[in-house]
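> sequence plus predicted model, see below.
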Amino acid sequence: MNTSSGVEGISNILVIGAGTMGRQIAMSAALAGYSTTLQDISLDGLTAARTEHKSWADSRVAKGKLGQDDAGAALDALAYSTDLNTAASGADFVIEAATERLDIKTQIFEQLGVLTPAHAILATNSSTLGSSKVAEATGRPAQVCNMHFFNPALVMKCVEVVRHGATSDATVQAAMGLARRLGKEPVLINREIPGFIANRLMGAMQREALFLADEGIASIEDIDTTARTALGHPMGPFALMDMVGLDVIDFIAQATYEETGNAVDAPNERITALVAAGKIGRKSGTGFYGYTR
Ligand code: 3HC
């Protein structure tokens, strides 16, 4: 493809990073019929992703929500690789979901600029780093943007497409078009701002929830219940923070605070202490709530 042919020309998708987000983004792409490679430097991470893909597909078939043939086709469309060189060489569209560190992302995008075909669009799933930070490293900044998915990515409809100053209209259209083909409802963010839309809204809710709990106004259970029963949220702010991971919440707060210097964005002491104690939410078995794993 070339960027002027937009979403129509995309056949091969490369997802970098087999963590929580990358796995489900890759599965979403495969379900939409794209030949999809999930790349990670960790073979263990890829093996776990493959197992999770298979069991997710099996459970959808068992629930009657996915046909056996469609499940088989999606699993067949997925490839797993530790070798970025080969994985990148045929990619029309890349979604990077690696560790949230600028040095790591810059190195990846520098490599992508060399290894992918010239027409390939290079997107980052980062929630804290605007793509302007890695765009120049690719040598094709007009073809770089953020494409921010939400956890769990197989379920959540939103994708924030964020353009930086030099992102082309063709790149934006291709990213929005691809998100729609993955069954999502993309939104366009015209200028980079810490937290984009969703994490700014979520942060405001979390700050208020933490204030109410810290002041002893109400229990975390009752605050969560109120968010569900009064506001119609699928889960309350404390349960949501546990699901996202308190390490991720703390990291987002640190990154936002570093960028804005605004006291309201500063990390919450209670969350920082829970993270230091290894209590990072569902994935560790304890956060604001306890979980049986
Ligand atoms: N992976 C894949 N699918 C999942 C899942 C997961 N981790 N968790 C739930 N699902 C699926 C279930 O299989 C089920 O599918 P089905 O209805 O088609 O059978 C469906 O989601 C509903 O699941 P449940 O019935 O088990 O439970 P709920 O109805 O409570 O839904 C939820 C679970 C989808 C997680 C819902 O509670 C929810 O939407 N919560 C809010 C999530 C949210 O706000 N996410 C954004 C986080 S912020 C973020 O990601 C940004 C980042 O930068 C931090």
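Looks like it arrived, so ask away.

> so is whatever residue of the stretch 1-150 of the chain ends up closest to the ligand in a helix, a strand, or just coil?
Nearest residue of the stretch 1-150 of the chain to the ligand (Cβ to the nearest ligand atom) works out as residue 127 at 3.2 Å. Bear in mind the C-beta positions are built from the backbone N, C-alpha and C, glycine included. Assigned by DSSP: H, G, I helix; E, B strand; the rest coil, the conformation of residue 127 is coil.

> how many neighbouring residues does it have?
Counted with other Cβ atoms under 10 Å, residues neighbouring residue 127 total 25.

> spit out the contact partners of it.
Residue 127 makes contact with 100, 148, 195, 196, 199, 252, according to Cβ atoms under 8 Å, 6 or more residues apart in numbering.

> what about the residues you listed, which are in helices?
In helices, judged by DSSP state H, the following of those are found: 199, 252.

> of the contacts of residue 127 - the most surrounded one?
The most crowded member of the contacts of residue 127, judged by other Cβ under 10 Å, is residue 148 (25 neighbours).

> doesn't residue 192 make contact with it?
No - with contacts counted by Cβ atoms under 8 Å, residue 148 stays clear of residue 192, the gap being 11.4 Å.

> intersection of neighbour lists for the two?
Shared contacts of residue 148 and residue 192, defined by Cβ under 8 Å, 6+ apart, comprise residue 162.

> need the next SSE after the lengthiest helix in the chain, C-terminal direction.
Across the chain, the longest stretch assigned as helix under DSSP H is helix 43-62. Next in sequence after helix 43-62, counting helices and strands by DSSP states H and E, comes helix 68-77.

> mind giving me the packing neighbours of that following helix?
Helix 68-77 makes packing contacts with helix 20-31, helix 43-62 when contacts are defined by 3 or more Cβ pairs under 8 Å, 6 or more residues apart in numbering; DSSP states H and E.

> residue 114: what's it in contact with?
Listed by Cβ under 8 Å, 6+ apart, the contact set of residue 114 reads residue 139.
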